[in-house]
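Novice: Sequence plus the predicted model coming up.
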Amino acid sequence: MEIQIPELKARDILTHYSGANNFILDLQFKVKSKYFKLTRNQADYIITNCDTVPKIARKKVKIDPYLSQQLQEKKLLPLAPTEIWVEKILTQSDKSYHIWGKIIDSEELYAFWIPKSQIVPSNDKKIEIDYSGFSHRPPMKHQKPAIEALLKNDMYILADDMGLGKTTSAVIASIIENSKKTLVVCPASLKINWKREIENYTNDEVVILEGKNWVDGKYIIVNYDILKNFHSFKDDSNRVLIDSGIDRIIIDEAHYISNPKAQRTKIINQIVNKLGKVWLLTGTPMTSRPINYYNLLKLVDSRVANNWISYVTRYCEGRQFRGPKGRKIWSVNGASNLEELRDRTKDKITRRLKEDVLDLPDKIITPIYLDLISKEYEDEMGEYLSWSDENKNESITIHLAKLTKVRQIIASNKINHTRELINDILEQDKKVIVFTNFTAPLMELHSYYPKNSVILHGQMSKEDRQKSVDRFQNDDKVKVFISNLKAGGVGITLTAAEAVIMNDLSFVPSDHSQAEDRAFRIGQKKNVSCFYPIFDNTIERIVYNILLRKKNVIDTVMGDIASHPETDIMTELFNELYNI
């Protein structure tokens, strides 16, 4: 078998080359001189690329600010170039483009390599949106740029702060995009919320997947925990998430898929790689632990995620060391060059804090609708309804006492959902206040955060109550304030918090307004987000609707609320229960 030396083979190719690769044409001219010798790299390039047809570009391309700075220093330029002229793309490797172009206008065209990660993708897609179809619930001013950013990008991360309405922005964008079928992936506790928000804007069929039963719809909502029921890695016949015609995926709380080894992450990665259209929603800051964002950036095809080793070395203080049995192990939990990471991901991420947005109310009220599955609740509620049928004329006090057990069951079952909210807020390095009407859930929640929470309840002395307030206000390590609604809902200042969670409801609207305002007081410089997790299929939903009527939402956001006595609430509650 004849072995041909690469340099000789390349010279042979050059003798009859008639392509349009200017670098090869230049070498073709140079080899005519007896003093010029091809290098091995040049020979390999000719052999590899002689049949590749260059792509005509003839346009200016934006470059990364860090490459811009390097070019300025290398070429001693008075100003850093922000663009380069690309006449042709001669060829490309996995990581780089070989370009026929120039850095500054006065230069002649020449060939040079540029890393793909250093070219800022241009997005000249024109978006003209008619919002008149959403006049019944128009998006806020700050949501419109988010909607437009999603529509301009098949793959994108909307990372706005909590309370800025990422769900609404994504829903409106999906309706305007008019995909054939949209899959929404979210935590189980948010499925009803998504269904309600979609139905606020469209009459298209919205289905929630449960267990292993697949149901088709224009919008299909599934929680992370059951993704595996609709996608198999081994069985191609069980890939309904890919084969069902879905052409848009929206992933809420996308930090759930930051671990590349988790099964849910592997499923999402495979689906997105196949379909190529994904919007990721997350309120967690981009800069907390950069390694957590590598998979998200990879999913949206960000240029900084082309190479894992480069990413962790540059942004995670990545270093390699030898572990047990001499195995090489990477340490990637650090954070470095965060401003650079922020700048280089701007084309794929929209991230705004509440304080950056001017059209927000100072206090943002957000209900989160949940389902309760509890035989204990059904038994207690059934017992109360049977009793109330025969005792309609009993006093309000007795009716309230009879409902106490029902309310306690609701409060207890809410704890896990409240913990999810707390954990999301802590991930964002914010402080949170949690209110409950009962001592048992208060103490249980405290047990989950023994080192970074304080409590306040009616049995504590004034001195101990003040110690809890002072620690929450002044100690950076204390992130969670857990309080009885009556005991802590008035008379104290907790402006260190940016979020308030009502674990369970009082029957008095002013109780909630006053409790919310523990955080929203003089000295509070940030917007306050108030979350109301509500069991949709219980008496709590009826109570919440009545409270909303008594405590108008606009008034809740903008100012003080007049108090409504419990008797008003109970009268309406009884009427609604009897009607049901």
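Specialist: Ah, there it is. Numbering: from 1, shown residues only.
Novice: can you give me how far stretch 388-407 is from the chain middle?
Specialist: Put simply, stretch 388-407 sits 43 Å off its chain's centre (Cα atoms, centre = their mean, to the nearest Å).
Novice: longest helix anywhere in the protein?
Specialist: When the chain is parsed with DSSP state H, its longest helix is helix 396-413.
Novice: residues touching H446, list them.
Specialist: Listed by Cβ atoms under 8 Å, 6 or more residues apart in numbering, the contact set of H446 reads 453, 455, 482. C-beta coordinates here come from the backbone N, C-alpha and C atoms, glycine included.
Novice: Now do the contacts for the first one.
Specialist: The contact partners of S453, by Cβ under 8 Å, 6+ apart, come to 445-446, 478-482.
Novice: Over to the last one?
Specialist: Contacts were defined as Cβ under 8 Å, 6+ apart; by that measure I482 touches 433-434, 436, 442, 445-446, 449, 453-456.
Novice: out of the residues you listed, which are inside strands?
Specialist: Filtering those for membership in strands, criterion DSSP state E, returns 433-434, 436, 453-456.
Novice: Who wins on neighbours among those residues?
Specialist: Most neighbours among these, by other Cβ atoms under 10 Å: V434, with 29 neighbours.
Novice: Pretty sure that one sits against V480.
Specialist: Yes - using Cβ atoms under 8 Å, V434 is in contact with V480, at 6.6 Å.
Novice: Do a quick rundown of the helices in the stretch 451-580 of the chain.
Specialist: Counting by DSSP state H, counting those that start in this stretch, the stretch 451-580 of the chain has helices at residues 462-474, 485-488, 509-516, 539-550, 553-558, 566-579.
Novice: Need the ones you listed in TSV (columns: mean pLDDT and mean neighbour count).
Specialist: Listed next are those as TSV, based on pLDDT from 0 to 100; neighbours: other Cβ atoms under 10 Å:
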stretch	mean pLDDT	mean neighbour count
helix 462-474	92	15
helix 485-488	88	21
helix 509-516	81	22
helix 539-550	85	18
helix 553-558	34	13
helix 566-579	66	15
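Novice: which stretch among those helices comes nearest A149?
Specialist: helix 553-558 (25.9 Å; Cβ to Cβ).
Novice: could you show me where the strands are in the stretch 51-200 of the chain, in order?
Specialist: Here the stretch 51-200 of the chain has its strands, by DSSP state E, counting those that start in this stretch, at 55-62, 83-92, 96-102, 110-115, 155-158, 182-186.
Novice: Then the stretch 201-350 of the chain?
Specialist: Counting by DSSP E, counting those that start in this stretch, the strands of the stretch 201-350 of the chain are 206-208, 219-223, 248-251, 278-281, 319-322, 328-331, 349-350.
Novice: highest average neighbour count across those strands?
Specialist: Among those, strand 278-281 has the highest mean neighbour count (mean count of other Cβ atoms under 10 Å), at a mean of 26.
Novice: Pull up the overlap in contacts between V434 and V480.
Specialist: 422, 445.
Novice: All the helices of the stretch 51-200 of the chain, in order from the start?
Specialist: Going by DSSP H, counting those that start in this stretch, the stretch 51-200 of the chain shows helices at 65-75, 143-152, 166-177, 191-199.
Novice: In a markdown table: those helices, plus distance to I46.
Specialist: Shown next, in a markdown table, are these (distance: least, Cβ to Cβ, whole Å):
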| stretch | distance to I46 |
| --- | --- |
| helix 65-75 | 27 |
| helix 143-152 | 40 |
| helix 166-177 | 46 |
| helix 191-199 | 56 |
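Novice: Can you say which of these is nearest to T313?
Specialist: helix 65-75 (14.5 Å).
Novice: residues touching the spatially closest residue to R352 that is not a sequence neighbour, list them.
Specialist: Leaving aside its sequence neighbours, R352 sits nearest to D160 (Cβ to Cβ, 6 or more residues apart in numbering; 5.2 Å). D160 sits next to 146, 166, 169, 283, 350-352 when contact means Cβ under 8 Å, 6+ apart.
Novice: Between those, which sits nearest S513?
Specialist: Nearest to S513 among the contacts of D160 is G283, at 24.8 Å by Cβ to Cβ.
Novice: mind checking how far that closest one is from D26?
Specialist: According to Cβ to Cβ, to the nearest Å, G283 and D26 sit 53 Å apart.
Novice: low pLDDT regions in the stretch 401-550 of the chain?
Specialist: Along the stretch 401-550 of the chain, the model assigns pLDDT under 70 to residues 521-525.
Novice: same check, this time on the stretch 251-400 of the chain
Specialist: 285-288.
Novice: if we can go back for a sec, relative to L372, which of the helices of the stretch 451-580 of the chain is closest?
Specialist: Minimum separation from L372 across those (Cβ to Cβ) falls at helix 539-550, 8.3 Å.
Novice: Other residues contacting the closest one?
Specialist: Applying Cβ under 8 Å, 6+ apart, the contact partners of helix 539-550 are 367, 369, 381, 403, 406, 410, 504-505, 507, 509, 512, 532, 534-535, 564, 568-569, 572-573, 576-577.
Novice: Could you check the angle the one helix or strand Y369 maps to makes with helix 166-177?
Specialist: In this structure, Y369 sits in strand 363-370 according to DSSP states H and E. Angle of strand 363-370 versus helix 166-177, following axes from the mean of the first three to the mean of the last three Cα atoms, to 10 degrees, is 70 degrees.
Novice: Packing partners of strand 363-370?
Specialist: Applying 3 or more Cβ pairs under 8 Å, 6 or more residues apart in numbering; DSSP states H and E, we find strand 363-370 packed against helix 191-199, helix 415-427, strand 528-535, helix 553-558.
Novice: do that again at 7 Å, thanks
Specialist: helix 191-199, strand 528-535, helix 553-558 (3 or more Cβ pairs under 7 Å, 6 or more residues apart in numbering; DSSP states H and E).
Novice: Figure out which of these is closest to F112.
Specialist: Minimum separation from F112 across the helices and strands packed on strand 363-370 (Cβ to Cβ) falls at helix 191-199, 48.6 Å.
Novice: got the buried residues for that closest one?
Specialist: In terms of neighbour count (16 or more other Cβ atoms under 10 Å), helix 191-199 has its buried residues at 191-195, 197-198.
Novice: Only alpha carbons, please: show it as CSV.
Specialist: Extracted C-alpha coordinates of helix 191-199, given in CSV (Å, rounded to 0.1, in the frame of the first residue of the first chain):
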residue,chain,number,x,y,z
LYS,A,191,-49.3,22.9,37.3
ILE,A,192,-52.6,24.3,38.2
ASN,A,193,-51.1,27.8,38.2
TRP,A,194,-49.9,27.3,34.6
LYS,A,195,-53.3,26.0,33.5
ARG,A,196,-55.1,29.0,35.0
GLU,A,197,-52.6,31.5,33.4
ILE,A,198,-52.9,29.9,30.0
GLU,A,199,-56.7,29.9,30.2
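Novice: tell me the domain ranges of the protein?
Specialist: For the chain, the structural domains run 6-118, 140-356, 363-579, going by automatic domain parsing.
Novice: mind checking how far the second one is from the chain centre?
Specialist: Translated: domain 140-356. For domain 140-356, the distance to the chain centre is 7 Å (Cα atoms, centre = their mean).
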